[in-house]
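In: need coordinates for the below:
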Amino acid sequence: MSIVDLKRSADLVSRWASGSGAKTVFVREVASLMAAVDEPYLAALHQKADLVVPDGVPLVWTGRLRGIGSELGRVPGADLLDAVCGHSLSTGQSHYFFGGKPGVAEEMVKRLAERHRGLAVAGTLSPPFREIGPDFKMEGQALAELEEIRQANPDFIWVGISSPKQEYWMMQAAERLPRGVLIGVGAAFDFHSGAVRRAPRWMRDNGLEWLHRLSSEPRRLWRRYLVLAPRFVFAVALESVRRKV
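Out: Numbers count the residues shown, from 1 in each chain. I've put the predicted structure just below:
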């Protein structure tokens, strides 16, 4: 996990976007981090990513309990997207939005453009559903979609195809793109488009966003929050005990 907060993350990726070579940013919360623990190949991708930012409040709390300090702050994907869009108004940097169900990316762009007047949008693409895992190969239609992105030449490629699919996709895409910062923001597409209502600020600030999301989509998210999250708490507690022994 990178030791960053929202402002530092936004500043860093904005600088990267001005350079050559593609960069990758993973946005992690507890459940997605535990998924990486279960999948060695996914864990290895985290080591290769250029930046891994803490989305979940428990990750920030854990880091601070271990002495990292105030340098570590929560970096939700939706907030990072909003901050970078705002910053790009002064630089002219462009954005490409890859993911979401049909119409979601377009609605998100409309709302972002209303909030950030002058936002440079290089394009949007809602790919069809496909299985993306450790064995995924960038070929056929997936390769044609990537060529559309390459031709658009964006500074930022925002990827919202859910985790860990977006991480597998981003790492292969980065190998084939000459430049641009690829950032996996998952549910940010739904939040910014209005397709899904985001948790109130007080819940986000107090580590309760998971409860809001679970109550909103219980069938899809029950395993993430009722199985993977408790495993994280147990793992942290166990490691703390071992440190004291």
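
In: alpha carbons only for contacts and neighbour counts from here, please
Out: Noted.

In: how about the secondary structure of F26?
Out: Put simply, F26 is strand when judged by DSSP: H, G, I helix; E, B strand; the rest coil.

In: burial count for the spatially closest residue to it that is not a sequence neighbour?
Out: Leaving aside its sequence neighbours, F26 sits nearest to V52 (Cα to Cα, 6 or more residues apart in numbering; 4.7 Å). Around V52 there are 21 other residues, counting by other Cα atoms under 10 Å.

In: V52 contacts S9, correct?
Out: No - counting by Cα atoms under 8 Å, V52 stays clear of S9, with 9.6 Å between them.

In: what about this protein, any weak spots by pLDDT?
Out: 1, 58, 61, 63, 65, 67, 69, 206-208, 210-245 (pLDDT under 70).

In: the strands in it, which residues?
Out: Along the chain, the segments classed as strands by DSSP state E run 21-28, 51-54, 94-99, 120-125, 156-160, 179-184.

In: state the distance from the residue nearest to F26 to S2.
Out: V52 sits 5 Å away from S2, going by Cα to Cα, to the nearest Å.

In: where along this structure do the helices fall?
Out: 6-16, 30-38, 40-48, 57-65, 77-88, 104-115, 140-152, 165-174, 188-193, 201-205, 209-216, 218-223, 229-244 (DSSP state H).

In: on that earlier part again, list the contacts of the residue nearest to F26.
Out: By Cα atoms under 8 Å, 6 or more residues apart in numbering, the contact list for V52 reads 1-2, 25-28, 46.

In: tally of neighbours for H116?
Out: Neighbours around H116, by other Cα under 10 Å: 17.

In: contacts only, for it.
Out: 85-86, 89.

In: and it, how far is that from G184?
Out: If you measure H116 against G184 using Cα to Cα, the figure is 21 Å.

In: go ahead and confirm L59 touches E29.
Out: Yes - assessed by Cα under 8 Å, L59 is found in contact with E29 at 7.1 Å.

In: circling back to that earlier point, now, of the contacts of H116, which are buried?
Out: Buried by 16 or more other Cα atoms under 10 Å: 85-86, out of the contacts of H116.

In: between the contacts of H116, which is nearest F98?
Out: F98 lies nearest to C85 out of these, by Cα to Cα, at 15.3 Å.

In: relative to W16, how far out is that closest one?
Out: From C85 to W16 the distance is 14 Å (Cα to Cα).

In: do H192 as well
Out: Taken as Cα to Cα, the span from H192 to W16 is 24 Å.

In: one more: R8?
Out: Distance, R8 to W16, by Cα to Cα: 12 Å.
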